[in-house]
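1. what's the 3D shape of this:
(one chain, ligands or ions: 2)
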Amino acid sequence: METQQARPASKPVSALSLIEDEDSITEVVLQAMAGTEDQRLRGVMAALVSHLHAFLREVRPTDEEFERALAFIAALGHATHATNNEVVLAADVLGLSTLVTTINNNTKGGRTPGALLGPFYRANAPRYACGDCVVQDDSPGLPLFVSGTVRATDGSVLPAAMVEVWQASPVGLYDNQDPRQPDRNLRGVFHTDADGNYHFRTVRPAGYPVPTNGPVGTLLAAQRRHPYRPAHIHFIVAAPGYRTLVTQVFADDSDILETDVTFGVHRQLVGAFQRVEAGRSPWGDLPAPFYTLKFDFTLEPGEQTFPIPPID
Ligand code: BEZ
Ligand code: FE
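-> Ligands and ions are numbered 1, 2, ... in the order given. The predicted model follows:
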């Protein structure tokens, strides 16, 4: 609504901040937003507008292309519901989520790199004792014996640290995607022993595709990209007085480590999934063949927090 204050009638038209050509628009928009009280919001929006305007000047979309781009963004919203967040998925396949995770998980002090929480984290995973097995069904797949030590960046071991794990099955489905799996199969909460060690048994996970039935799937197809993530296990490692680590460990024998559709594979997060052909398992007395994985985690001092589960 026009007010007396908003209408500088006394100024000659030539002195008003009006649009003259494509280069003058950015400054006019920045001026319009200059009164934003929240300084962080003001800075973020100014940078966003400046970069988006520069992007459009570079790409020079036609009107039809601009309409298609807006329709794509609207379709992300339409495809988002209780069990699928297409907006987050779009951020994942464009590398935005991994970039933000990397920005916020500096490893210079020796902390283990972080990785995406992902859309399949659920609360209330079963609590297990070290050595227990997180497999609740008899689905086929080779056993995997996972062990390691949780340390602080000063090298001290962390007893009673929480190690929470979740993973997809040998056919690449999480429990909540697969009616044949028991509730909270392949999920578990463990705690390290007095020496900071944890160990548990699971089944070797498979890689899996992200959802492709929405606009993100259409984009991936147009880019001739496969929709798969390499086989991995998710971890949350937490201890009082230390910054919680949300991360993933990837199977070193996966042939798509370099083409993870979400760009999540940090070099330090590739674990040695060793196939053992003879002998008995390190605990549990199972016959070969099986896999072992040894992976240590390092936490930095900071605040212990817990992520909000994106699904029930
Ligand atoms: C996951 O690792 O669970 C995941 C991460 C991003 C998109 C889809 C799945
Ligand atoms: Fe995953």
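2. contacting residues around the residue in the stretch 101-250 of the chain that ligand 1 sits nearest to?
-> Closest contact between the stretch 101-250 of the chain and ligand 1, by Cβ to the nearest ligand atom, is at residue 118 (2.8 Å). Glycine gets a C-beta too; all of them are placed from N, C-alpha and C. Residue 118 sits next to 234, 248 when contact means Cβ atoms under 8 Å, 6 or more residues apart in numbering.
3. what pLDDT does it get?
-> For residue 118, the model assigns a pLDDT of 93.
4. what helix or strand does it sit in?
-> Using DSSP states H and E, residue 118 sits in no helix or strand.
5. flag the shaky bits of the stretch 151-300 of the chain, pLDDT-wise.
-> For the stretch 151-300 of the chain, no stretch is flagged by pLDDT under 70.
6. enumerate the residues of it near ligand 1.
-> Contact residues, the stretch 151-300 of the chain versus ligand 1 (Cβ under 6 Å from any ligand atom): 210, 229, 262.
7. who's residue 245 bridged to?
-> residue 237 (DSSP bridges).
8. show me what contacts it?
-> Residue 245 sits next to 111-112, 114, 235-238, 297, 299 when contact means Cβ under 8 Å, 6+ apart.
9. quick one: the strands in the stretch 201-312 of the chain, in order.
-> Taking DSSP state E, counting those that start in this stretch as the criterion, the stretch 201-312 of the chain carries its strands at 208-209, 228-229, 232-238, 245-251, 270-271, 274-276, 290-294, 297-299.
10. run a quick neighbour tally on residue 160.
-> 12 (other Cβ atoms under 10 Å).
11. wait, isn't it in contact with residue 239?
-> Yes: counting by Cβ atoms under 8 Å, residue 160 does reach residue 239; the two are 7.2 Å apart.
12. reformat the contacts of residue 245 as TSV; add neighbour count.
-> Shown next, in TSV, are the contacts of residue 245 (neighbours: other Cβ atoms under 10 Å):
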residue	neighbour count
111	21
112	24
114	22
235	23
236	19
237	24
238	19
297	21
299	23
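13. which helix or which strand is home to the closest residue to residue 57 other than its chain neighbours?
-> Leaving out its chain neighbours, the residue that sits closest to residue 57 by Cβ to Cβ, 6 or more residues apart in numbering is residue 22, at 6.6 Å. Secondary structure from DSSP H and E places residue 22 outside every helix and strand.
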